[in-house]
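# My questions are about this predicted structure, shown below with the sequence.
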2 protein chains.
Amino acid sequence: MALYVQKYGGTSVGTVERIEHVADKVKSFHDAGHQMVIAVSAMSGETNRLIGLANSISSNPTPREMDVLVSTGEQVTIALLAIALQKRGVGAKSFTGWQVAIKTDSAHMKARIEDIDTVAIRKQLDAGNVCIVAGFQGVDGENNITTLGRGGSDTTGVALAAALGADEAQIYTDVDGVYTTDPRVVPNARRMEKVTFEEMLEMASLGSKILQIRAVEFAGKYKVPLRVLSSFDDGPGTLITMEEDSSVENPVISGIAFNRDEAKVTVTGVPDIPGVASKILCPISDANVEVDMIVQNVAEDGTTDFTFTVDRNDYAKALEILKNTAAELGARNVSGTDDICKVSMVGVGMRSHAGVASKMFKVLADESINIQAITTSEIKISVVIAEKYLELAVRALHTAFDLDAKD
Amino acid sequence: MALYVQKYGGTSVGTVERIEHVADKVKSFHDAGHQMVIAVSAMSGETNRLIGLANSISSNPTPREMDVLVSTGEQVTIALLAIALQKRGVGAKSFTGWQVAIKTDSAHMKARIEDIDTVAIRKQLDAGNVCIVAGFQGVDGENNITTLGRGGSDTTGVALAAALGADEAQIYTDVDGVYTTDPRVVPNARRMEKVTFEEMLEMASLGSKILQIRAVEFAGKYKVPLRVLSSFDDGPGTLITMEEDSSVENPVISGIAFNRDEAKVTVTGVPDIPGVASKILCPISDANVEVDMIVQNVAEDGTTDFTFTVDRNDYAKALEILKNTAAELGARNVSGTDDICKVSMVGVGMRSHAGVASKMFKVLADESINIQAITTSEIKISVVIAEKYLELAVRALHTAFDLDAKD
């Protein structure tokens, strides 16, 4: 008998028929004697419907009230799934975020889980019931409803698994595993059997969109075995493991991630003195704008240039803030663009193989794609290129690094 | 400066435009310096949409999960109204039932309010904010979400007014006051300026559908002045007062109420011994079926007959229970029908005027309408007749008792 936490996303519970299908799946696990905790998203389309209602009233609704509004989406799903299980003779109990309670900080619309009280869930599990928990939501210290940000239901699932010491967190989605890259861009992308947390973290943060980055961080931190599966088809999915598989030779590159949702801002001619980087970045982070890539070059005249990338939704805000900071610092110029994308090669095998970067740059050069910025980590190389080259770049790299499916 | 609790029903918040209109109304009160607490229903159609989702999964969803499901309807409205007020520069804070907290018993789908914690609301009022509270919902002692039953938002409004010691509870609805009878049945029905709690209680319980009976009970018990107004038009509405207006002569009859949602069950030939009434009614009330009229006649052979009316939705259940009880008691026969209606004349003036009943019966006889059962109270006479005669009966009585509008 195992304890599984399963998470079903919006398309997996998108209709009443899909919810019935999920109930069948959960029942089969329950019938096999497993203890089951299910985290669910809102039915697909519902969150956007609710946001649309708010936006038709105000272009700038307050985050607190947005959380009150959109958290109803998951609350509908937990009730419907509980009803579907009860119809099948399976004892089930639904929990909103505050009923669990999933305690978060007070950063509305992007809250972080601080603690999960497992007493109420344990009691129901011990009574033989399936627990169905609203994903994506929590409650802060003043009883305000919070949400973890879009896609945060994954984090709910993994955090529940960690808090409960579950045997596996299983993330059901509309794809049957983690691929070497997005199959919509590269049709012969391959499903990976296993991927390391490190690789997955890089893939998720770079926009592979299968799992939320915080969910992978949580899973890695608390050593929760994590599996990505399809709620539509049967199949083993992809297991996200703690360690590199030393029994087989690792491929140099495991996958190629990309992200279209970024924008780039650059400030040039900043006096090159200690503390200048933090003076530039502090106002940005104070405004809750998350910065992704940061590149600094030293110029020759005692000044330096900074480039960084932000979420495209934060582009206007970041540019505005940067202009103010630049004026204060006496910088020469501020510029930016939002028609870029980021392409990243990820692989733990990269550590022991030289020449990955140079091969990558050559592949792009052969396609006449100009590289606007580069960053690297131990297991990743990222480049910023013009958005229009995204598909071309990813396909060329996928083939060049031998990732195409063989059949 | 006064403290008003206003309640807006489903049609009053049925669209984004209607919510904006409510925000304008609330802002005008707030700008005039009043402290405002607003209780709202779900947007019209939303509760039925949610119930439809549940029913498409199960014909018998559990009440606990139904409450989790339908309570999302009001939660959406509080967020949207708060956003609309904030857009207008009015500080506003939304509260779900559990956030207030509105504490209820655990009778899911028909819970009763036991206590309202006013600390959180007071704090926001003192800070100059409008408080927007989800109607119709609460939380029980085990943190389960409960609902007060359909239409229960009125009760929320009045209970909040009582708990806060508000100057007036104002129930905004889609009619501009309480009428002598339903204007859809009698086109020249008249709006009443004032009506007593006693009369209103009889009108509400008999199906005039403007106010929930529990709301009126609450208001009467805690002496909360209650006003019914239209959210669509301006106008004074109808004030529900504590005392009869002794300065003018009361009309004999204030209004005519009716209810189509009833069914009648009869058990005949029950041994006429002490305790038999409770033996018949206890199993019914144990099944949470509410009984309205109860009529008992003594027959001549040492047996007696009982007739009572129940909500039409409970008809099949009540008949089933009664058949079992009848068998145990050795009763002769059980019968029932659900094509009846109840018509009631209500008026505090009735106390001091003889002959109301006989005049009522004569009016019905003149229209050849057969009376199936009669009950009376100090300020009310009710008859059960075939449903097909409802309009005919109400119109004839409305004219005969001089209630038609004069113009």
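Noted; the coordinates are in hand.
# So in chain A, which helix runs the longest?
helix A:63-87 (DSSP state H).
# Next one: that helix, is it in contact with chain B?
Yes: if you take CB under 8 Å from any CB of the partner chain as the test, helix A:63-87 does meet chain B, through A:64-66, A:68-69, A:71-72, A:75-76, A:78-80, A:82-84, A:86-87. C-beta: built from backbone N, CA, C; applies to glycine.
# so that helix versus helix B:63-87, what angle?
Using axes from the mean of the first three to the mean of the last three CA atoms, to 10 degrees, one finds that helix A:63-87 and helix B:63-87 are set 160 degrees apart in direction.
# what helices or strands is the very next helix or strand once past helix A:63-87 leaning on?
Downstream of helix A:63-87, the first helix or strand assigned by DSSP states H and E is strand A:92-95. Applying 3 or more CB pairs under 8 Å, 6 or more residues apart in numbering or on different chains; DSSP states H and E, one finds that strand A:92-95 makes contact with helix A:63-87, helix A:119-126, strand A:130-134, helix B:63-87.
# one step back: pull the distance from the longest helix of chain A to the chain's centre.
Averaged C-alpha coordinates place helix A:63-87 at 21 Å from its chain's average position (CA atoms, centre = their mean, to the nearest Å).
# tell me the mean pLDDT for that helix?
If you average the pLDDT over helix A:63-87, you get 98.
# Determine the set of other helices and strands touching the worst-scoring helix or strand of chain A on mean pLDDT.
The helix or strand of chain A with the poorest confidence is helix A:197-205; it has a mean of 80 (mean pLDDT, DSSP states H and E). The contact analysis (3+ CB pairs under 8 Å, 6+ apart) places helix A:197-205 against helix A:213-221, strand A:238-241, strand A:255-259, strand A:340-346.
# Could you dump these into JSON lines with distance to B:Asp154 and mean pLDDT added?
Shown next, in JSON lines, are these (distance: least, CB to CB, whole Å; pLDDT from 0 to 100):
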{"stretch": "helix A:213-221", "distance to B:Asp154": "43", "mean pLDDT": "83"}
{"stretch": "strand A:238-241", "distance to B:Asp154": "52", "mean pLDDT": "88"}
{"stretch": "strand A:255-259", "distance to B:Asp154": "51", "mean pLDDT": "91"}
{"stretch": "strand A:340-346", "distance to B:Asp154": "55", "mean pLDDT": "93"}
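# Identify whichever of the ones you listed lies nearest to A:Lys323.
With CB to CB as the criterion, A:Lys323 lies closest to strand A:340-346 of these, at 19.2 Å.
# Downstream of that closest one, the next helix or strand is which one?
helix A:356-366.
# And the pLDDT at A:Val248?
52.
# So what touches the least confident helix or strand of chain A?
A:178, A:195, A:210-213, A:215-217, A:219-220, A:226, A:240-242, A:254-255, A:257, A:292, A:344, A:346-348, A:377, A:379-380 (CB atoms under 8 Å, 6 or more residues apart in numbering or on different chains).
# can you check stretch A:322-339 too?
Counting by CB under 8 Å, 6+ apart, A:262-271, A:276, A:279-280, A:283-284, A:303, A:312, A:315, A:318-319, A:386-388 sit against stretch A:322-339.
# about what we covered before: could you identify which of the helices and strands packed on strand A:92-95 is most buried?
A comparison of those by mean neighbour count, using mean count of other CB atoms under 10 Å in any protein chain shown, puts strand A:130-134 on top with a mean of 28.
# Which positions in the stretch 51-200 of chain A make contact with chain B?
A:53-54, A:56-58, A:60-62, A:64-66, A:68-69, A:71-72, A:75-76, A:78-80, A:82-84, A:86-87, A:93-94, A:96, A:98-99, A:120, A:143-145.
# Could you check how far A:Ile273 is from A:Gly302?
Using CB to CB, to the nearest Å, A:Ile273 is found at 9 Å from A:Gly302.
# do the same with A:Thr241
Counting by CB to CB, the gap from A:Thr241 to A:Gly302 is 49 Å.
# higher neighbour count, these two?
A:Thr241 (17 against 10; other CB atoms under 10 Å in any protein chain shown).
# Name the spans of the stretch 1-150 of chain A whose pLDDT lies under the cut-off.
Counting by pLDDT under 70, the ranges of the stretch 1-150 of chain A that qualify are A:150.
# Work out for me the element the residue in chain A sticking out farthest from the centre sits within.
Note on chain A: the largest C-alpha distance from the chain mean falls to A:Asp301, namely 40.7 Å (CA atoms, centre = their mean). Following DSSP H and E, there is no helix or strand that holds A:Asp301.
# Please apply the same query to the one 4 residues further on.
Element membership for A:Asp305 (DSSP H and E) is strand A:303-311.
# Show the average pLDDT along that strand.
Strand A:303-311 comes out at a mean pLDDT of 89.
# contacts for that strand?
Strand A:303-311 has contacts (CB under 8 Å, 6+ apart) with A:261-272, A:276-277, A:280-281, A:284, A:289-299, A:318, A:331-332, A:340, A:342, A:373, A:384.
# Please check the residues you listed and keep the buried ones.
Among those, those classed as buried by 16 or more other CB atoms under 10 Å in any protein chain shown are A:262-270, A:276, A:280-281, A:284, A:289, A:291-293, A:295, A:318, A:331, A:340, A:342, A:373, A:384.
# Where strands are concerned, which of these count?
Among the buried ones among the contacts of strand A:303-311, the members found in strands (DSSP state E) are A:262-270, A:291-293, A:295, A:340, A:342, A:373, A:384.
# ok, A:Leu397 - contacts?
A:Leu397 neighbours (CB under 8 Å, 6+ apart): A:256, A:343, A:345, A:360, A:363-364.
# at 6 Å instead, please
Applying CB atoms under 6 Å, 6 or more residues apart in numbering or on different chains to A:Leu397 gives the contacts A:256, A:363.
# Am I right that it sits in a strand?
No: in this structure, A:Leu397 is helix, not part of a strand, as judged by DSSP: H, G, I helix; E, B strand; the rest coil.
# Now do it against B:Ala263, distance only.
From A:Leu397 to B:Ala263 the distance is 73 Å (CB to CB).
# now swap in A:Ala354 and tell me
Relative to B:Ala263, and taking CB to CB, A:Ala354 is found at 85 Å.
# What of A:Glu328?
In terms of CB to CB, A:Glu328 sits 78 Å off from B:Ala263.
# With adjacent residues omitted, what lies nearest to A:Lys223?
The shortest distance from A:Lys223 to any non-neighbouring residue, by CB to CB, 6 or more residues apart in numbering or on different chains, is to A:Met242 (6.2 Å).
# got a pLDDT number for the one you found?
Reported pLDDT for A:Met242: 77.
# That one: how many residues sit nearby?
By other CB under 10 Å, neighbour count at A:Met242 equals 13.
# if I pick the closest residue to chain B within the stretch 201-350 of chain A, what's in contact with it?
Closest contact between the stretch 201-350 of chain A and chain B, by CB to the nearest CB, is at A:Ser231 (17.1 Å). By CB under 6 Å, 6+ apart, the contact list for A:Ser231 reads A:8, A:12, A:172.
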